[in-house]
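In: My questions are about this predicted structure, shown below with the sequence.
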Amino acid sequence: MTATTPTLLDVQGISIAVRREAGATPGIVWLGGYKSDMLGTKAETLSDWAAREGRAYLRHDYSGHGESGGAFADGTISKWLSESLAVFRRFTKGKQILVGSSMGAWIALRMVQELRKAGDSTIVGLVLLAPAPDFTAELVEPALTAAQKRDLKKKGFFQEPSDYSAEPYIYTRALIEDGRNNRVMTGPIDTHCPVHILQGLADADVPASHALKLVSLLPADDVTLSLIPDGDHRLSRPQDLDMLLRAVGDMVQRAG
């Protein structure tokens, strides 16, 4: 599939790349993971599905990701949240379902909070894949080695090899400190809408226990948790993608 040329939206002086397909509501809004872009397998699969269904579909690259401007190392949860809200407010109309992968699930939960605070109740469903809300405080900080702590203090960042890219992951002190200010798993989370979580039990990056903790903080009668025994963090195998499309399709029916 040949990628279309993205629309560029200026957010605080940075060009954010956006792709949008018009269609029926509730629309689907894709939120990618840490160091992922909007042309990944899951995002493209959803795009094809939305086109077949005639459903509105919106996705973007955070700053420092994919086709957007800015430096990855300058990114924080607050920055990427602000960009996601700007894209959402500029390009959506009517009811929307947020589909967040890994860090994108954290962005999705924070978007619901900020939109609700502003009196916007257009988000009518969440589908979260291998959700990693609060990953800086819950997963990164507790596992820091002495060398990584030293690098954070002296250099302001540390690097770690990535299983998904030739380039290492970079974790900055600013990302970690800002992450503490965006935590959502400190108490009950009221999403005001149904939530469906897909979690692989073979996920080496975000353990299933993290998803179970998240479920325990959500309204029980509005939450579905689907555990995939041999699913890894990517959840990009054909059977995983089928499950994603079923979950999104079911959410559309519930919200419609």
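Out: Good, I have the coordinates.
In: helix or strand right after the one helix or strand residue 174 maps to?
Out: Secondary structure from DSSP states H and E places residue 174 in helix 173-181. Per DSSP H and E, helix 173-181 leads on to strand 195-200 as the next helix or strand towards the C-terminus.
In: Can you name every helix or strand that that following strand contacts?
Out: Here strand 195-200 touches strand 123-129, helix 208-216, strand 223-228, helix 238-255, going by 3 or more CB pairs under 8 Å, 6 or more residues apart in numbering; DSSP states H and E. The way it works is simple: take the backbone N, C-alpha and C, and place the C-beta from them, glycine included.
In: would CSV of these with mean neighbour count be doable?
Out: CSV is the format used below for the helices and strands packed on strand 195-200 (neighbours: other CB atoms under 10 Å):
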stretch, mean neighbour count
strand 123-129, 26
helix 208-216, 17
strand 223-228, 16
helix 238-255, 17
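In: Generate CSV for those, with mean pLDDT as supplementary columns.
Out: Compiled in CSV, the helices and strands packed on strand 195-200 are given as follows (pLDDT from 0 to 100):
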stretch, mean pLDDT
strand 123-129, 98
helix 208-216, 97
strand 223-228, 97
helix 238-255, 97
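In: So for residue 140, which of these sits nearest?
Out: Nearest of those to residue 140, taken as CB to CB: helix 208-216 at 12.0 Å.
In: Can you give the distance of the closest one from its chain's centre?
Out: Mean C-alpha position of helix 208-216 versus that of the full chain (CA atoms, centre = their mean, to the nearest Å) differs by 16 Å.
In: and what of stretch 4-16?
Out: Worked out by CA atoms, centre = their mean, stretch 4-16 lies 19 Å from the chain centre.
In: Stretch 188-199 now?
Out: For stretch 188-199, the separation from the chain centroid amounts to 13 Å (computed by CA atoms, centre = their mean).
In: Next: stretch 226-238.
Out: 16 Å.
In: what's the first-to-last distance across that stretch?
Out: In stretch 226-238, first residue to last residue: 16 Å (CA to CA, to the nearest Å).
In: So what's the residue count around residue 43?
Out: Neighbour count of residue 43, defined by other CB atoms under 10 Å: 22.
In: which stretches of this structure aren't confidently modelled?
Out: The chain contains residues with pLDDT under 70 at 1-2.
In: Centre-most residue in it?
Out: Geometric centre of the chain, nearest residue: residue 104, 0.9 Å, by CA atoms, centre = their mean.
In: looking at the sheet around the nearest residue to that one once chain neighbours are set aside, what are its partners?
Out: In space, not counting the residues next to it along the chain, residue 104 is nearest to residue 31; the distance is 3.3 Å by CB to CB, 6 or more residues apart in numbering. Following DSSP bridges, residue 31 is listed with bridge partners residue 100.
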